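[1] Need the 3D shape of this:
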Amino acid sequence: MAPAASAPVPVDAGPPAPFVATPKRTDPIVAPVATAPHVGWPGPVQPEADVAWLARLTRGTIHLVKANAGGSSVTLRVRFEDGARALFKPEQKKWRSGFRGEIAAYHVDRLLGFGRVAVVAGRVLDHALLRAHLVHSGAEPAWLARFDEEVIAHSGGVAGALIAWHARPLFSDPPPADFTDGLDTSAPLRKPIAERLPEWSDMLVFDHLIHNTDRWSGGNVLTLGRGGPVVFLDQAAGFNPWRPDTKMNRRLAATCRFRRATVNAIRARRGRDTLASQLTASLAHDPLAPVLGARAGQDLEARLIALADHMDACEEKLGSAMTSFEVQEPAAAQGQADAVQDSG
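    Next up, the predicted model:
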């Protein structure tokens, strides 16, 4: 169905009705769970709260919706009856499948145990009620025109991803441009690089698996709180069409330093109990299932195999240094360099 035609801004008639979910499915809420021991450094989210969040996102009453200004895609801020907040990323012309990438990326994060993606679930919200909320909340006419032009409605409903709001402010904290220099050797690392590299290399692994091509477009390497743990946010570019002969992201291709637990988790899924099959089973519980097509699973499996082969080549080249994060102190500093060894 074509997007709703742009319409004049109506006079606000007072607070619109809340969104009350009437799910067709009444089965229990099922959260994605890692099928192997936790592979990440303790992430900033709490997977034990996933079931409560999924219930809220898929079935909770929404009392407030307003425009989320800025960004390359149309997004909306929502507030639930209990005061919790989330971001709604609807189906739209520019990122037609972007909301599906957000949902799938959350499941991959939990299946591998990184714990760095906020909870995400699919939901359909009434188009007319969405617009009424935007008008009532004071959305600018230009933003409303963009909503009318870009957001896609089917049978009066707008499908999208509801993304739980992080509890603390997010800060852009990208690595230095040359952070991958020397990561294909066993040389000790500069201290600032060694301290963050376990998280950054996990981010490279994650983005390769979900085929996220938008991490480095500006402002998308984020920490929860200033100097806090790295979070993985904005995965709308993930799970787009992929060619098996496409080279790895140049940053990942230049990296041969990974946490041992991450290497083990990737290798463990290069076989019968694949990540693709786990993802398919997990996504079946989302209200918008099927979230991805069969080709997406095949591409994910091909990327995982390519990643596992890359790790094998790195270990053959570097040996135990592949999973070492030894620090190189400046020459003027203490003679005995400290070492930061991966404990994950």
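
[2] what about the strands in the stretch 151-300 of the chain?
    Secondary structure of the stretch 151-300 of the chain (DSSP state E, counting those that start in this stretch): strands at 157-164, 170-172, 189-190, 222-224, 230-231.

[3] Kindly reformat these as a markdown table containing mean neighbour count.
    (Glycine included, C-beta is placed from N, CA and C.) Listed next are those as a markdown table, based on neighbours: other Cβ atoms under 10 Å:
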| stretch | mean neighbour count |
| --- | --- |
| strand 157-164 | 24 |
| strand 170-172 | 14 |
| strand 189-190 | 18 |
| strand 222-224 | 20 |
| strand 230-231 | 24 |
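
[4] Distance to Val327 and mean pLDDT for these - can I get that in CSV?
    CSV is the format used below for these (distance: least, Cβ to Cβ, whole Å; pLDDT from 0 to 100):
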stretch, distance to Val327, mean pLDDT
strand 157-164, 35, 97
strand 170-172, 24, 93
strand 189-190, 6, 90
strand 222-224, 21, 93
strand 230-231, 19, 94
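
[5] Out of those strands, which is closest to Ala31?
    When the strands of the stretch 151-300 of the chain are compared by Cβ to Cβ, strand 157-164 sits nearest Ala31, at 12.2 Å.

[6] which helices and strands sit right next to that closest one?
    With contacts defined as 3 or more Cβ pairs under 8 Å, 6 or more residues apart in numbering; DSSP states H and E, strand 157-164 has these neighbours: helix 50-59, strand 85-90, helix 98-112, strand 120-126, helix 127-136.

[7] Point out the most buried one among the ones you listed.
    helix 98-112 (a mean of 26; mean count of other Cβ atoms under 10 Å).

[8] which intervals of the protein have sub-threshold pLDDT?
    1-13, 23-25, 36-38, 41-42, 245, 272, 328-344 (pLDDT under 70).

[9] change it to 80
    1-14, 22-27, 35-44, 70-71, 95-96, 218, 242-247, 271-273, 328-344 (pLDDT under 80).

[10] which helix in it runs the most residues?
    Across the chain, the longest stretch assigned as helix under DSSP state H is helix 294-318.

[11] chain center to that helix, what's the gap?
    20 Å (Cα atoms, centre = their mean, to the nearest Å).

[12] Now do that helix against helix 98-112, angle only.
    Counting by axes from the mean of the first three to the mean of the last three Cα atoms, to 10 degrees, helix 294-318 lies at 50 degrees to helix 98-112.

[13] got a list of what the nearest residue to Ala118 once chain neighbours are set aside touches?
    The spatially closest residue to Ala118, leaving aside those adjacent along the chain, is Ala164, at 4.3 Å (Cβ to Cβ, 6 or more residues apart in numbering). Residues in contact with Ala164 (Cβ atoms under 8 Å, 6 or more residues apart in numbering) are 53, 57, 84, 86, 118-120.

[14] ok, what's across the strand from Thr75?
    Asn68 (DSSP bridges).

[15] which residues touch it?
    68, 87-90.

[16] all helices of the stretch 151-300 of the chain, in order?
    191-210, 250-253, 260-268, 275-283, 294-318 (DSSP state H, counting those that start in this stretch).

[17] can I get those helices in JSON lines with distance to Trp143 and mean neighbour count?
    Below are the helices of the stretch 151-300 of the chain laid out as JSON lines (distance: least, Cβ to Cβ, whole Å; neighbours: other Cβ atoms under 10 Å):
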{"stretch": "helix 191-210", "distance to Trp143": "29", "mean neighbour count": "21"}
{"stretch": "helix 250-253", "distance to Trp143": "35", "mean neighbour count": "16"}
{"stretch": "helix 260-268", "distance to Trp143": "41", "mean neighbour count": "19"}
{"stretch": "helix 275-283", "distance to Trp143": "32", "mean neighbour count": "20"}
{"stretch": "helix 294-318", "distance to Trp143": "32", "mean neighbour count": "17"}
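
[18] could I get these as CSV with distance to Leu76?
    As requested, the helices of the stretch 151-300 of the chain are exported to CSV (distance: least, Cβ to Cβ, whole Å):
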stretch, distance to Leu76
helix 191-210, 23
helix 250-253, 32
helix 260-268, 35
helix 275-283, 23
helix 294-318, 26
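
[19] Touching, Leu76 and Ala86? I think so.
    No - with contact defined as Cβ atoms under 8 Å, Leu76 and Ala86 do not form a contacting pair (9.4 Å).

[20] right, so of the helices and strands packed on strand 157-164, which gets closest to Arg303?
    Nearest of the helices and strands packed on strand 157-164 (Cβ to Cβ): helix 98-112, 10.9 Å.

[21] Next, the distance between the ends of stretch 147-156.
    Using Cα to Cα, to the nearest Å, one end of stretch 147-156 lies 14 Å from the other.

[22] Format the strands of the stretch 151-300 of the chain as TSV; extra columns: distance to Asp27.
    Output for those, formatted as TSV (distance: least, Cβ to Cβ, whole Å):
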stretch	distance to Asp27
strand 157-164	19
strand 170-172	34
strand 189-190	48
strand 222-224	32
strand 230-231	30
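
[23] out of those strands, nearest to Gly43?
    strand 230-231 (7.6 Å).

[24] who does that closest one touch, helix- and strand-wise?
    Against strand 230-231 (3+ Cβ pairs under 8 Å, 6+ apart) you get helix 191-210, strand 222-224.

[25] Skipping adjacent residues, who's closest to Ala237 in space?
    Nearest one to Ala237, counting by Cβ to Cβ, 6+ apart, is Asp214 at 3.7 Å.
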